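Visitor: Prediction below, plus the sequence it came from.
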Amino acid sequence: MRIVPQLDAYPRLVSFGQTALGKAVLLGAFAGGLFFNRLDSWIEITAAVAAMTYFPARRRRLVSMAALYWLVFHSTWLNWAFLRELATAAGQKTDWTLTVLLSGILAAVFCVLAVFFRYVRARRVSLAAKRPVLCLMAGYALMLAAGALLPLGGMTRLLVWSVIAVTAPYLWFFAYALKDASARTPDDAVLQFGTLQPFWGSPNVPVPKGAANLRNIEARNPEDLSITQLKAIKLLIWVFTLQVLQQGLLLFVHGAPGELVLRLIGLLHWTVPNLGVPTLETSLQRAVVPVHIAWASLIAHFAQALLSAAVGPNLVIACCRMAGFNALRNSYRPLQALTVAEFWNRYNYYFKEVLVDFFFFPVFTRYFKQYRRLRLFAATMAAATVGNMIYHFSLDYRSVAQMGLWRALVGFQVYSFYSTVLGLGIGISQLRGHGGQRARGDASRWRRALATVGVLLFFCLLEVFDQEGRSVGLGRYGRFFLRLFSIPV
């Protein structure tokens, strides 16, 4: 029994979705789904998707046009508050002149990427062409170090940090574009632009994985498009269901209703009792927290993290599917995972793919080839630990600008600990992969249930250290962790 019907499995619906009327009905259902999921730009997204539905031969070009539109009118991925603070500190205006300056900087960054892309295509034997992503990350690291360490001031500081601020949100999108440059038939510059912060969202993690992935998952005929769009509608229904559950959890556990619940309460004029459980952030700030309160805060936080991974990114996937690209879901049944490695693969798929593509495979294909188990473990640590830290630190340029490079690195100790334990957990799980196979092959449900509980407990406890803040040291989180087991500190 399924909560959401398998719409794409009904032949009549698939056939209906290929007609002109059926396309209009699907677009109307999609618009309604975006509206009920409280997506502000639902009208514009529906219009963009409608153009791609009725003009499938121009789909990729339309994706690029929509990306340009979103860059001009909805560039929310750029940290405008930080940029205005920089301009104010440099004694510069924050009106339209700042917008013009940043537009020029962003255009220059795109031009540099285009030149590098062509160089990688033309000079395949050069070091930069063989390691384009490494060169990209090294260049960004040098800019970050220069902005933090050099005695810059005034307009010079504004220019340097503006380049960093407009590059950071595109960094991993650029990485996939440069990876595609090594393909036999890569997309041209216009099509590549559509994959850089595409109109369907994904501000930090590329969803899907660049132009090469889009070419593979694009609908090839009307039947494929109908099936993909029915999957989009189905996913919108599932996301809305999870949003209701997520907001209900906020209301009944923490007493903090979301916007949808506030409207409902306002209409019905009723109050809802709640458990009054403090959030994990609040519990971490308290000197003494009872054990049962600490556990309740942690479990509620972990549940919210699971729901968040299944709501926001999968809403992006629904828009991508409606545009005609049959992308995989970001979160897919993580509660059925029997091993730590399997949970990590199911929980946040596209973030995991970034780490696998740019950290796991480079290590796995080059080092320890004669030692199979060491090779697998080293590649896993390179991805889940080193890559994880590099990914998050590269996006948090604001902390570097405000605190300095050294203090920002020291303040990163909590997340570094989290990444290290995560890498060890996944690496050990992969080396013991046969344990998950035994659990699947065992007829006993209890064995599978115990395996799943153990996996969830590991990630739930690790969630204590999944913090990217810089102001609190590792000791406070360690004391809270020990308090969960009634260990005096």
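Guide: Alright, I've got the coordinates. Here the structure is a predicted model, which means the values were calculated and not measured.

Visitor: State the number of residues packed around the residue lying closest to Val289 once chain neighbours are set aside.
Guide: Excluding the flanking residues, the one nearest Val289 by CB to CB, 6 or more residues apart in numbering is Ser283, at 5.0 Å. C-betas here are computed from N, CA, C, even on glycine. Look at Ser283: counted by other CB atoms under 10 Å, it has 22 neighbours.

Visitor: List the residues that contact Ser283.
Guide: 289, 293-294, 297-298, 480 (CB atoms under 8 Å, 6 or more residues apart in numbering).

Visitor: what ranges do the strands span in the stretch 301-450 of the chain?
Guide: Per DSSP state E, counting those that start in this stretch, the stretch 301-450 of the chain carries no strands over any range.

Visitor: can you give me the helices for it?
Guide: 340-347, 349-355, 361-364, 372-381, 388-395, 397-403, 405-411, 413-431, 434-441, 445-462 (DSSP state H, counting those that start in this stretch).

Visitor: Out of these, flag the one nearest Val14.
Guide: helix 349-355 (25.6 Å; CB to CB).

Visitor: Got the confidence number for the residue positioned nearest the centre of the chain?
Guide: The residue lying closest to the centre of the chain (CA atoms, centre = their mean) is Val205, at 4.0 Å. Looking at Val205, its pLDDT reads 90.

Visitor: Looking at the contacts of Ser283, state which has the most neighbours.
Guide: Ser297 (25 neighbours).

Visitor: Make sure it is actually in contact with Thr279.
Guide: Yes - judged on CB atoms under 8 Å, Ser297 makes contact with Thr279 at a distance of 6.4 Å.

Visitor: need the helices for the stretch 51-200 of the chain, in chain order.
Guide: For the stretch 51-200 of the chain, the helices defined by DSSP H, counting those that start in this stretch occupy 59-73, 80-89, 96-122, 127-130, 132-149, 154-167, 171-180, 189-194.

Visitor: domain assignment for this protein?
Guide: Per automatic domain parsing, the structural domains of the chain span 78-196, 228-483.

Visitor: out of those domains, nearest to Arg12?
Guide: Comparing the domains of the chain by CB to CB, domain 228-483 comes nearest, at 11.3 Å.

Visitor: Output the below-cut-off pLDDT ranges for the stretch 151-300 of the chain.
Guide: Residue ranges of the stretch 151-300 of the chain with pLDDT under 70: 256-272, 287.

Visitor: From Leu405, how far out is Leu149?
Guide: As judged by CB to CB, to the nearest Å, Leu149 and Leu405 stand 6 Å apart.

Visitor: neighbour-wise, which of these two wins?
Guide: Using other CB under 10 Å, the more surrounded residue of Leu149 and Leu405 is Leu405, with 16 against 12.

Visitor: Now that one. Nearest residue, chain neighbours left out?
Guide: Excluding its sequence neighbours, the residue lying closest to Leu405 (CB to CB, 6+ apart) is Ala148, at 3.8 Å.

Visitor: Touching, the one you found and Gln402? I think so.
Guide: No - between Ala148 and Gln402 there is no contact under CB under 8 Å: 10.0 Å.

Visitor: I figured Arg215 was touching Asp187, is that so?
Guide: Yes - counting by CB under 8 Å, Arg215 touches Asp187, with 7.4 Å between them.

Visitor: Compare these two and say which one has the larger neighbour count.
Guide: Each of Arg215 and Asp187 has its neighbours counted (other CB under 10 Å); Asp187 has more, 21 against 16.

Visitor: if I pick the more buried one, what's in contact with it?
Guide: Counting by CB under 8 Å, 6+ apart, Asp187 makes contact with 60, 180, 195, 211, 215.

Visitor: for the one helix or strand the last one maps to, packing partners?
Guide: Arg215 belongs to helix 210-217 when elements are defined using DSSP states H and E. Using 3 or more CB pairs under 8 Å, 6 or more residues apart in numbering; DSSP states H and E as the contact definition, the elements that helix 210-217 packs against are helix 171-180.
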